[in-house]
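Trainee: sequence first, predicted coordinates after that:
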Amino acid sequence: MNYQQRRELLLQELEQDSAVILVGNTEKVRNKNITYNFRQDNDFYYLTGFSEPDAVALLRPNSEQPFVLFNLPKDEAAEVSFGHRCGQKMAGELVACDAAYDIAELEERLPELLEQRQHIYLSDELGRFSHRIFDWLHQQRRSAKFDEAKIFRSLHSVLPFIHERRIVKDESELERIRKAVNASVAGHKTVMKVAASGINEQQLTGAFFGKVSEFGCQDVGYPTIMASGNNAICLHYTENNDELQDGQILLIDAGGDYQYYTADITRSFPVNGTFNDTQKAVYEVVLAALDNAIALVKPGTPWNKLYETAMSTLARGLIDLGILQCSHQEAMEKELYKRYSVHKTGHWLGLDVHDVGRYKNGQEWKTLEPNMVFTIEPGLYFEANDESVAPEFRGMGIRIEDDILVTQNGYENLSAGAPRTVEDIEAWMAS
């Protein structure tokens with residue numbers, strides 16, 4: 001599927017007298033005249049494929065020009081300092097828009113382009129132009145061309161329409177996700193090889209990025225979590241500035257970003273390459289929770305069944321480890337497992353690491369469909385000062401996360417190539 005097909009599918013869902021305004025991202029200053037690396041708004045990119053800053057797109061069903069783009073003009077001085085711009089002519093060729101105008105002409109041209117369309121849909125999460133919509137409409141009413149137009153306008157968010165469609169991936173998206181995952185698998189394997197007592201977490205963060213860069217990833221999909229020992233108790237630990245110590249578990253949650261699509265893989269392994277008995281016991285409980293949830297993946301499975309299955313397995317494991325002193329039924333009814341497993345066990349994956357789209361339709365959980373991609377990531381966490389557990393458990397967090405594709409008859413574990421069993425991890429680290 002290409003960008004034009006995505007736009008056509010969106011416009012088919014909307015009223016024929018509608019107009020959709022998509023607002024792209026603008027560059028953000030890091031310090032003085034230096035900007036952060038630019039990333040286009042994901043919804044804007046999903047529908048246009050245009051990755052330059054300061055752009056606005058107008059989509060109109062039942063129009064001779066269904067796709068109009070406003071973007072930065074060519075500017076030789078600016079391009080010498082900050083890089084190439086497409087300008088209007090090249091942008092028209094690149095994204096196959098029906099017309100392209102200088103973004104400086106937006107205020108002048110947009111009111112007329114909105115015509116007498118009654119339903120205005122907007123994607124502008126940063127609020128760059130939301131406050132201007134009614135000014136444009138008033139400006140239109142004052143013009144001679146629309147002097148007699150007395151029509152009721154309604155303003156809506158277009159995001160629910162886009163986000164529901166983004167849940168199910170097309171083949172071009174799956175190709176990019178696979179490349180992001182394959183790069184990330186290599187990155188995780190590299191970190192397992194390099195990890196050793198005395199190495200700083202930041203060195204391993206760099207090693208991961210260096211490896212995924214070899215596969216064409218220009219960024220990571222989210223700040224890398226490289227959490228040794230008790231640092232893993234913080235679910236989004238990104239300081240990454242402690243030295244690894246012998247006997248610790250290292251939790252790495254990291255994914256490369258390939259052409260706007262990200263992987264999201266977590267592995268937990270011993271710094272010295274060998275699990276002790278306690279670490280192995282906890283790890284195998286978490287792995288069983290992951291594998292039991294993955295086994296349920298197929299079209300028609302309700303989303304919540306994955307979480308319920310993983311939690312049931314963790315609860316039974318906590319009882320077997322002697323951490324919970326109760327029956328499995330009581331652990332589930334009172335949700336006693338939540339003290340040691342403090343997060344949900346999955347999310348959609350794609351352009352965003354926690355990708356958009358609902359998990360329920362009204363009160364009913366969504367059921368899985370082919371070409372959905374998501375993570376499953378159970379974990380157990382024992383804080384260093386938690387006296388509710390025996391000393392050998394304390395200061396350890398273990399999470400295992402895989403990227404799962406729903407197929408026509410079941411699933412594919414896209415990230416299975418990153419060592420995930422005790423035996424495979426120890427063998428890889430020793431090889």
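Mentor: Yes, it's here.
Trainee: biggest helix in the protein, by residue count?
Mentor: Taking DSSP state H as the criterion, the chain has its longest helix at helix 171-194.
Trainee: buried stuff in that helix?
Mentor: 173-174, 176-192 (16 or more other Cβ atoms under 10 Å). Any C-beta I mention is one placed from the backbone N, CA and C, and that applies to glycine too.
Trainee: how about the strands in the stretch 251-400 of the chain?
Mentor: 256-258, 261-262, 265-270, 346-348, 360-361, 364-365, 373-376, 379-382, 396-399 (DSSP state E, counting those that start in this stretch).
Trainee: the longest one packs against which elements?
Mentor: I take that to be strand 265-270. With contacts defined as 3 or more Cβ pairs under 8 Å, 6 or more residues apart in numbering; DSSP states H and E, the packing partners of strand 265-270 are helix 171-194, strand 249-254, helix 277-294, strand 396-399, helix 422-430.
Trainee: run the last query once more with 6 Å
Mentor: If you count contacts as 3 or more Cβ pairs under 6 Å, 6 or more residues apart in numbering; DSSP states H and E, strand 265-270 packs onto helix 171-194, strand 249-254, strand 396-399.
Trainee: just the first one next, same as before
Mentor: Under the contact criterion of 3+ Cβ pairs under 6 Å, 6+ apart, strand 256-258 touches helix 171-194, strand 219-220.
Trainee: okay if I get the helices and strands packed on strand 265-270 as TSV plus mean pLDDT and distance to Gly127?
Mentor: Converted to TSV, the helices and strands packed on strand 265-270 look like this (pLDDT from 0 to 100; distance: least, Cβ to Cβ, whole Å):
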stretch	mean pLDDT	distance to Gly127
helix 171-194	98	28
strand 249-254	98	31
strand 396-399	98	35
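Trainee: now do the helices in the stretch 101-250 of the chain.
Mentor: In chain order, the stretch 101-250 of the chain shows helices spanning 106-113, 133-142, 159-166, 171-194, 201-213, with DSSP state H, counting those that start in this stretch as the criterion.
Trainee: as CSV, those with distance to Ser341 would be great.
Mentor: Listed next are those as CSV, based on distance: least, Cβ to Cβ, whole Å:
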stretch, distance to Ser341
helix 106-113, 49
helix 133-142, 45
helix 159-166, 28
helix 171-194, 22
helix 201-213, 23
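Trainee: picking that back up, closest to Phe215 out of the strands of the stretch 251-400 of the chain?
Mentor: strand 256-258 (6.9 Å; Cβ to Cβ).
Trainee: list the contacts of that closest one.
Mentor: Contact with strand 256-258 is made by 176, 179-180, 183-184, 212, 217, 219-221, 263, as judged by Cβ atoms under 6 Å, 6 or more residues apart in numbering.
Trainee: so how far is that strand from its chain's centroid?
Mentor: For strand 256-258, the separation from the chain centroid amounts to 10 Å (computed by Cα atoms, centre = their mean, to the nearest Å).
Trainee: tell me which of the helices and strands packed on strand 265-270 lies nearest to Val297.
Mentor: It's helix 171-194; of the helices and strands packed on strand 265-270, that one is closest to Val297 (Cβ to Cβ) at 15.6 Å.
Trainee: return the closest one as PDB; C-alpha atoms alone will do.
Mentor: Coordinates of each C-alpha in helix 171-194 appear next as PDB, following Å, rounded to 0.1, in the frame of the first residue of the first chain:
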ATOM      1  CA  GLU A 171       3.200  -4.900   3.600                       C
ATOM      2  CA  SER A 172       5.400  -1.900   3.300                       C
ATOM      3  CA  GLU A 173       5.100  -1.200   7.000                       C
ATOM      4  CA  LEU A 174       5.800  -4.900   7.800                       C
ATOM      5  CA  GLU A 175       9.000  -4.700   5.700                       C
ATOM      6  CA  ARG A 176      10.300  -1.700   7.700                       C
ATOM      7  CA  ILE A 177       9.300  -3.300  11.000                       C
ATOM      8  CA  ARG A 178      11.100  -6.500  10.100                       C
ATOM      9  CA  LYS A 179      14.300  -4.500   9.300                       C
ATOM     10  CA  ALA A 180      14.000  -2.500  12.500                       C
ATOM     11  CA  VAL A 181      13.600  -5.800  14.500                       C
ATOM     12  CA  ASN A 182      16.400  -7.600  12.700                       C
ATOM     13  CA  ALA A 183      18.800  -4.700  13.400                       C
ATOM     14  CA  SER A 184      17.700  -4.700  17.000                       C
ATOM     15  CA  VAL A 185      18.200  -8.400  17.400                       C
ATOM     16  CA  ALA A 186      21.800  -7.900  16.300                       C
ATOM     17  CA  GLY A 187      22.100  -5.000  18.700                       C
ATOM     18  CA  HIS A 188      20.900  -7.100  21.600                       C
ATOM     19  CA  LYS A 189      23.300  -9.900  20.700                       C
ATOM     20  CA  THR A 190      26.200  -7.300  20.600                       C
ATOM     21  CA  VAL A 191      25.400  -6.000  24.100                       C
ATOM     22  CA  MET A 192      25.300  -9.600  25.400                       C
ATOM     23  CA  LYS A 193      28.800 -10.100  24.000                       C
ATOM     24  CA  VAL A 194      30.200  -6.800  25.300                       C
END
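Trainee: list the contacts of it.
Mentor: So helix 171-194 is contacted by 204, 207-208, 211-212, 215, 217, 252, 255-256, 258-259, 261-263, 265, 267, 269, 373, 403, 414-415, 417-418, 428-429 (Cβ under 6 Å, 6+ apart).
Trainee: repeat for stretch 313-333
Mentor: 285, 288-289, 292, 336-337, 341, 389.
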